[in-house]
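Chemist: I'll drop the sequence and a predicted model, then ask my questions.
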Amino acid sequence: MKIAIIGAGAAGLCAGRHCLRENIAFDIFEQTGNLGGTWNYTDLVGCDENGVPIHSSMYKGLRTNLPKELMAFEDFPYPKQNRSYLLQDEVLDYVRSYSDKFHINPHIKYFKRVIRIERQNFLWSVHYEDVKNKQKDMEHYDAVIICNGHYSDPFIPDVPGIESFSGRVKHSHDYRTPEPYANKKVLILGSGPSGLDISQQISNVATKVFLSHRSKDPLPVPDILHQKCLIKEFVENKAIFEDGTSEEIDDVVFCTGYNYNFPFLSTNCGVKITDNYVHPLYKQIISIENPTLAFLGIPFKVCPFPLFDIQVRFFLATLTGHFKLPKKEDMLQELVEEEKRKSGLPRPKYHELGKAQGSYFNDLSETAKIKMVPQVVQKLYVRVMMNRNRNNCFEIIDDDNFVQI
Ligand code: FAD
């Protein structure tokens with residue numbers, strides 16, 4: 001058996017490490033010259049020197065929003081001397097050391113961009129392009145694990161009148177440093193982790209920062225951020241909000257999240273995206289139509305590293321015969337019931353776990369009889385989420401920096 005893994009970020013490396021543990025042959029296709037995906041910071045926006053769209057949404061000075069204990073693979077802790085809330089390059093170093101320790105690097109095909117995968121005669125054809133010389137090639141595999149990351153394709157909502165706004169408009173995907181916003185009046189749209197973090201960075205240099213969000217109650221954020229409800233429209237450079245107030249704005253940063261995007265999937269892969277919901281998948285991992293196709297890291301509001309680890313062990317258990325998948329109709333039935341339970345939610349929230357992360361881990365572990373994620377991960381995650389509410393979204397840690405947790 002040979003597996004194709006798409007992407008050499010934390011998820012792809014974790015998939016490679018467990019293939020090695022199970023003695024399964026694999027190749028990792030990586031479109032850039034680096035492993036570590038998101039954790040590679042670059043000043044570049046747009047495309048890189050090979051014409052590949054910049055993948056990473058990393059900005060300078062980012063501190064992690066989870067402590068290192070929740071960002072580790074189980075059998076590979078961070079160095080003791082690392083602080084709890086890490087800098088971007090400390091996570092990158094960790095991921096590189098993980099690859100070194102488990103000898104994953106020799107399996108990575110760098111500068112190879114997967115452009116199409118399709119099901120053919122019980123095998124997967126993986127078509128890829130060498131991004132340097134543009135030569136195209138194809139190889140066959142028995143199974144595919146998709147680890148292409150979910151924070152690269154910006155979601156930008158329609159805002160009426162935005163075309164009349166003459167200031168700068170960016171998405172957080174292209175935000176790198178606060179300096180360009182010095183002495184400006186900046187509107188941040190969205191109060192997720194990036195929105196809170198970026199508004200706080202920009203507030204150090206801007207004249208005023210307005211944070212527009214959908215929450216009915218004021219968010220517990222520093223007073224320096226002027227909170228606004230959702231935006232209704234732009235009339236030239238005036239932002240008009242749903243409560244009828246308005247502000248003159250110089251710059252807008254959309255921190256409105258990302259789309260799942262698998263541009264290389266052929267229709268015969270049997271997986272669709274509807275309103276940012278990826279389906280039909282068994283346990284948010286395995287394609288029900290083609291169960292030798294798996295996706296890592298689809299759920300959000302999670303601890304991504306422990307999630308990748310248990311998801312890939314779950315999938316490999318099905319391939320090695322350690323766990324036999326239910327019949328197709330039973331998997332579909334389980335999905336229908338899950339969708340019914342979620343039917344009160346907007347579709348883009350179907351993959352949100354949050355507090356349900358622990359029971360999701362339990363379910364994977366019990367279903368496939370695989371090792372559970374350590375209980376401490378779930379307990380600490382709940383604790384971190386509680387602190388987040390208690391400590392006004394920002395917690396003072398070991399120096400003068402505020403870090404959103
Ligand atoms: P990525 O790291 O995105 O890697 C995907 C890889 O796939 C990339 O190397 C890309 O080049 C490659 N690729 C994509 N398409 C193709 C293709 N067609 N062919 C070949 N290669 C391809 N998580 C935390 O746990 N804590 C945090 O504090 C935290 N902060 C974050 C801050 C920001 C700004 C962002 C964007 C994310 C943050 N995350 C955080 C989430 C982070 O994305 C995950 O922790 C994790 O690193 C994602 O790993 P991944 O392997 O799924 O994806």
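Modeler: Nice, thanks for sending it over.

Chemist: how close does the closest residue in space to Glu22 that isn't next to it in sequence sit to Lys60?
Modeler: Ranked by CB to CB, 6 or more residues apart in numbering and with sequence neighbours excluded, the top spatial neighbour of Glu22 is Leu316, at 5.4 Å. (C-beta placed from N, C-alpha, C; glycine too.) Distance of Leu316 to Lys60, computed by CB to CB, to the nearest Å: 37 Å.

Chemist: about what we covered before: any idea how far the helix or strand containing the residue nearest to Glu22 is from the chain center?
Modeler: Element membership for Leu316 (DSSP states H and E) is helix 304-320. Distance of helix 304-320 from the chain centroid (CA atoms, centre = their mean, to the nearest Å) equals 17 Å.

Chemist: Stretch 3-10 too?
Modeler: On CA atoms, centre = their mean, the centre of stretch 3-10 falls 14 Å from that of its chain.

Chemist: all strands for the stretch 101-250 of the chain, in order.
Modeler: For the stretch 101-250 of the chain, applying DSSP state E, counting those that start in this stretch gives strands covering 108-109, 112-120, 123-130, 136-141, 143-146, 153-154, 168-171, 185-189, 208-212, 225-228, 231-235, 238-241, 246-248.

Chemist: Show me the one of those that comes nearest the ligand.
Modeler: strand 112-120 (3.8 Å; CB to the nearest ligand atom).

Chemist: Other residues contacting that closest one?
Modeler: 4, 6, 29-31, 52, 124-131, 136, 140, 144, 148, 264-266, 268-270, 290 (CB atoms under 8 Å, 6 or more residues apart in numbering).

Chemist: switch to 6 Å and redo it
Modeler: Strand 112-120 is contacted from outside by 6, 29, 31, 124-129, 131, 144, 264, 266, 268, 290, using CB atoms under 6 Å, 6 or more residues apart in numbering.

Chemist: again with stretch 255-271
Modeler: 114-119, 150-151, 153, 155, 157, 172, 188-190, 194-195, 198, 273, 276, 278, 287, 289-290.

Chemist: And the pLDDT at the closest residue to Lys342 other than its chain neighbours?
Modeler: Closest residue in space to Lys342, ignoring its immediate chain neighbours: Tyr350 at 5.2 Å, by CB to CB, 6+ apart. pLDDT, Tyr350: 97.

Chemist: next one: Gly61
Modeler: pLDDT at Gly61 comes out at 93.

Chemist: if I pick whichever residue of the stretch 201-350 of the chain sits closest to the ligand, what's in contact with it?
Modeler: Nearest residue of the stretch 201-350 of the chain to the ligand (CB to the nearest ligand atom) works out as Pro304 at 3.7 Å. Applying CB under 6 Å, 6+ apart, we find Pro304 in contact with Gly297.

Chemist: which residues does Thr177 contact?
Modeler: Counted by CB under 6 Å, 6+ apart, Thr177 has contacts Lys60.

Chemist: so what's Gln357 closest to, chain neighbours aside?
Modeler: Val302 (5.2 Å).

Chemist: wait, that neighbour sits on Gly358?
Modeler: No. Because the distance of 10.4 Å does not satisfy CB atoms under 6 Å, Val302 is recorded as not touching Gly358.

Chemist: More neighbours: which of those two?
Modeler: Val302 (22 against 17; other CB atoms under 10 Å).

Chemist: what about the residue nearest to Lys342, neighbour count?
Modeler: By other CB under 10 Å, neighbour count at Tyr350 equals 21.

Chemist: thinking it is in contact with Ser343, fair?
Modeler: No. Using CB under 6 Å, Tyr350 makes no contact with Ser343, being 9.5 Å away.

Chemist: so what's the residue in the stretch 151-300 of the chain that the ligand sits nearest to scoring on pLDDT?
Modeler: Nearest to the ligand, among the residues of the stretch 151-300 of the chain, is Tyr151, at 3.5 Å (CB to the nearest ligand atom). Confidence at Tyr151, expressed as pLDDT, is 97.

Chemist: so it sits right up against Ser56, yeah?
Modeler: No. Between Tyr151 and Ser56 there is no contact under CB under 6 Å: 8.3 Å.

Chemist: so Phe254 touches Ile156, yeah?
Modeler: Yes. In this structure Phe254 lies within contact range of Ile156 using CB under 6 Å: 5.2 Å.

Chemist: Those two: who's more crowded?
Modeler: Counted by other CB under 10 Å, Phe254 and Ile156 do not tie: Phe254 has more neighbours, with 24 against 15.

Chemist: who are the neighbours in contact with the nearest residue to the more buried one once chain neighbours are set aside?
Modeler: Nearest non-adjacent residue to Phe254, counting by CB to CB, 6+ apart: His171, 4.6 Å away. Contacts for His171 (CB under 6 Å, 6+ apart) come out as Pro154, Ile156, Phe254.

Chemist: Please give me every residue in contact with Pro157.
Modeler: Pro157 sits next to Thr256 when contact means CB under 6 Å, 6+ apart.

Chemist: Please read the previous query as pertaining to His173.
Modeler: Ser57, Pro154 are the contacts of His173 under CB under 6 Å, 6+ apart.

Chemist: same thing but at 7 Å, please
Modeler: Counting by CB atoms under 7 Å, 6 or more residues apart in numbering, His173 touches Ser57, Ser152, Pro154.

Chemist: For these, pick the one with the most neighbours.
Modeler: Ser57 (20 neighbours).

Chemist: That residue contacts Gly149, doesn't it?
Modeler: No. In this structure, Ser57 is not within contact of Gly149 by CB atoms under 7 Å, at 9.2 Å.

Chemist: Would you report the backbone torsion angles of the residue nearest the centre of the chain?
Modeler: By CA atoms, centre = their mean, the chain has its centre lying nearest to His150, at 4.1 Å. Dihedral angles of His150 (phi, psi; degrees, to the nearest 10) stand at phi -130, psi 20.

Chemist: mind listing the helices for the stretch 251-400 of the chain?
Modeler: Per DSSP state H, counting those that start in this stretch, the stretch 251-400 of the chain carries helices over the ranges 304-320, 328-341, 357-368, 375-390.

Chemist: Who does Phe234 form a beta bridge with?
Modeler: Ala239 (DSSP bridges).

Chemist: shared neighbours, Ser57 and Gly149?
Modeler: With CB under 7 Å, 6+ apart as the test, Ser57 and Gly149 both reach Thr38.
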